[in-house]
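K.L.:
the sequence and its predicted three-dimensional model are supplied below.
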Amino acid sequence: MKTARIIALAVLMVASGLALHVALSQQQGIKRTDLQRHDLSVPGREVVQVRVDFAPGVVAPAHNHPGEEIVYAIEGLMEYRLKGKPPVTLKAGEVLFIPAGTIHSAKNVGSGNAAELATYVVEKGKPLVVLVK
């Protein structure tokens, strides 16, 4: 009985994380394309890669992740705001490291499409994206 509860809780956690991920991927002006997800050699950790496209002026609201995020700007001009740090603007070919749990947001500040390759090294089974008010 206890094992069934643990399994049900784990399924609920994964489902809620997927629901949030889907909600963010359907946010107006943002398109998320999941590229790959793999377990790592470190127990309980996985790597996830996502292409994120932003229409002009669109903002990804304040959020964090249960692990590190490595951003590679593919095209356009993006402004990232990390809590406690000055804003950082990236253009195509530039990178940004976002430490685990750091609250941040991103905005397309250019006149055309902006896109990033987001690589997450995160705790497996936790929601990939956690919105912050």
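P.N.:
In hand now; what should we look at?
K.L.:
elements contacting the host helix or strand of A118?
P.N.:
Take DSSP states H and E as the rule and A118 turns out to sit in strand 114-123. Using 3 or more C-beta pairs under 8 Å, 6 or more residues apart in numbering; DSSP states H and E, the elements in contact with strand 114-123 are strand 45-54, strand 67-75, strand 77-82. From N, CA and C alone the C-beta is placed, and that goes for glycine too.
K.L.:
relative to F97, which of these is closest?
P.N.:
With distances scored as C-beta to C-beta, the stretch of these nearest to F97 is strand 67-75 (5.8 Å).
K.L.:
can you list the buried residues in the closest one?
P.N.:
Of the residues in strand 67-75, G67, E68, E69, I70, V71, Y72, A73, I74, E75 count as buried by neighbour count, 16 or more other C-beta atoms under 10 Å.
K.L.:
residue contacts, the last one?
P.N.:
Contact partners of E75, counting by C-beta atoms under 8 Å, 6 or more residues apart in numbering, are A92, G112, N113, A114, A115.
K.L.:
lowest-pLDDT helix or strand in the chain?
P.N.:
Sorting the helices and strands of the chain by mean pLDDT, DSSP states H and E puts helix 2-25 at the bottom, at a mean of 51.
K.L.:
mind listing what the next helix or strand after it pairs with, with the direction of each?
P.N.:
Note on helix 2-25: by DSSP H and E, the next helix or strand toward the C-terminus is strand 30-39. Neighbouring strands of strand 30-39 in its sheet, by DSSP bridges, are strand 45-54 (antiparallel).
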